[in-house]
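Enquirer: Dropping a prediction and its sequence here:
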Amino acid sequence: MQYLKVERDEEVVQITINRQDKLNAMNLGVMDEFISIFDNLEKDSSKVIIITGDGPKAFSAGADIEYMSNIGPTEAEKYALRGHEVLNKIEKLEKPVIAAVNGYALGGGCELALACDIRFASHNAQLGQPEVTLGICPGWGGTQRLLRIVGPARAKDLIFSGRKITAEEAFSMGLINRIFSSDSLLSETRTYAKILSKNSNFAIGISKMLVNRGMDTNLDTGLKLEIYSWAVCFSTKDREERMRKFVEKK
Ligand code: COA
């Protein structure tokens, strides 16, 4: 891999965007490597994924502006489709994906974090959707996922102004789950990931699907889906063993 570094610690996989000189901006090479890694993660024995950026300054400064400055609508559509392919894979993966936002998360960088399930940030993180300052709208799901996470008024404020917000402001609007010092962000994220990895990955995967589906369906349909998913959990050996252990302890 040229642009992404993959490290495994038992069942926790950490993916680091490794383009520090360009503040981890995501060119097509980055996106291609994400696709191939996530294709493997769908099948392998990993349980929790962490995504972060290399260096102390940026999670990712977004889509590659140098590349975009020279393309027309046809290539732009391909680039957007590739972006959506990556972010949809993250969202649909039946395993938790945590963004450790260690600095700038702008444009596509913010959209990458939005597609993750949990977002932890360092105190120096700055998030935003500055696309309109470049004459484009967000193109990797920003208008849709930001809307669903922070609501339409806040999404429009961020998208129309293109302003960068601090980790604290992002936390106050529910965009960031927790804030840590720059020094402890990764170790705290790994500790949290380990806790998730000890829980039932089947049950977490099905819960992720239910919450994601629930955002785009009516309450009655979401609740029905929950009932059947809950019943399916009773077909696993894992559930049988976890409950038996609890009962035997008593
Ligand atoms: N695409 C391509 N290259 C980028 C980039 C991006 N999105 N963001 C930063 N870079 C590059 C810079 O061109 C520079 O490269 P160089 O050293 O070869 O000139 C390098 O990363 C460092 O960035 P620089 O702008 O010098 O750092 P800074 O500390 O002065 O500013 C930012 C940091 C994040 C405020 C600034 O880089 C920025 O605004 N980036 C664009 C963010 C953005 O609009 N993203 C949305 C894209 S749709």
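Expert: Looks like it came in fine.
Enquirer: Ala113 touches Gly103, doesn't it?
Expert: No. Using C-beta atoms under 8 Å, Ala113 is not in contact with Gly103; the gap is 11.5 Å. The C-beta positions use only the backbone N, C-alpha and C, and glycine is treated the same way.
Enquirer: how long is stretch 93-107 end to end?
Expert: 22 Å (C-alpha to C-alpha, to the nearest Å).
Enquirer: Where do the strands of this structure begin and end?
Expert: Shown for the chain, the strands assigned by DSSP state E span residues 4-9, 12-17, 48-53, 58-60, 97-101, 104-106, 118-122, 126-128, 165-166, 178-180.
Enquirer: Find the one among those strands with the highest mean neighbour count.
Expert: strand 58-60 (a mean of 29; mean count of other C-beta atoms under 10 Å).
Enquirer: about what we covered before: distance to the ligand and mean pLDDT added to the strands of the chain, as TSV?
Expert: Shown next, in TSV, are the strands of the chain (distance: least, C-beta to the nearest ligand atom, whole Å; pLDDT from 0 to 100):
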stretch	distance to the ligand	mean pLDDT
strand 4-9	16	97
strand 12-17	12	98
strand 48-53	11	98
strand 58-60	7	98
strand 97-101	13	98
strand 104-106	4	98
strand 118-122	15	98
strand 126-128	8	98
strand 165-166	13	98
strand 178-180	19	98
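Enquirer: leaving aside the residues next to it on the chain, what's closest to Ile204?
Expert: Pro96 (6.0 Å; C-beta to C-beta, 6 or more residues apart in numbering).
Enquirer: what's the answer for Gly205, then?
Expert: Glu94 (3.2 Å).
Enquirer: How about the residue in the chain positioned nearest to the ligand, nearest residue that isn't a chain neighbour?
Expert: In the chain, the residue found nearest to the ligand is Gly107; the distance is 2.5 Å by C-beta to the nearest ligand atom. Of all residues not flanking Gly107 in the chain, Gly62 sits nearest, at 2.9 Å (C-beta to C-beta, 6+ apart).
Enquirer: Only the buried residues of the longest helix along the chain, if you could.
Expert: Ranked by residue count and defined by DSSP state H, the top helix of the chain is helix 73-92. Within helix 73-92, the residues scored as buried using 16 or more other C-beta atoms under 10 Å are Tyr79, Ala80, Arg82, Gly83, Val86, Leu87, Lys89, Ile90, Glu91.
Enquirer: and these as TSV, adding pLDDT and distance to Leu146?
Expert: As requested, these are arranged in TSV below (pLDDT from 0 to 100; distance: C-beta to C-beta, whole Å):
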residue	pLDDT	distance to Leu146
Tyr79	97	19
Ala80	97	16
Arg82	97	20
Gly83	98	15
Val86	98	17
Leu87	98	12
Lys89	98	19
Ile90	98	15
Glu91	98	14
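Enquirer: which one of the residues you listed sits closest to Gly141?
Expert: Leu87 (5.3 Å; C-beta to C-beta).
Enquirer: ok, that closest one touching Leu112?
Expert: Yes. Leu87 is in contact with Leu112 according to C-beta under 8 Å; the separation is 6.6 Å.
Enquirer: which residues are common contacts for these two?
Expert: Here Leu87 and Leu112 share the contacting residues Trp140, scored by C-beta atoms under 8 Å, 6 or more residues apart in numbering.
Enquirer: ok, and the closest non-adjacent residue to the residue positioned nearest the centre of the chain?
Expert: Taking C-alpha atoms, centre = their mean, the centroid of the chain lies closest to Cys116, which sits 1.7 Å from it. Nearest residue to Cys116, sequence neighbours excluded (C-beta to C-beta, 6+ apart): Ala99, at 4.0 Å.
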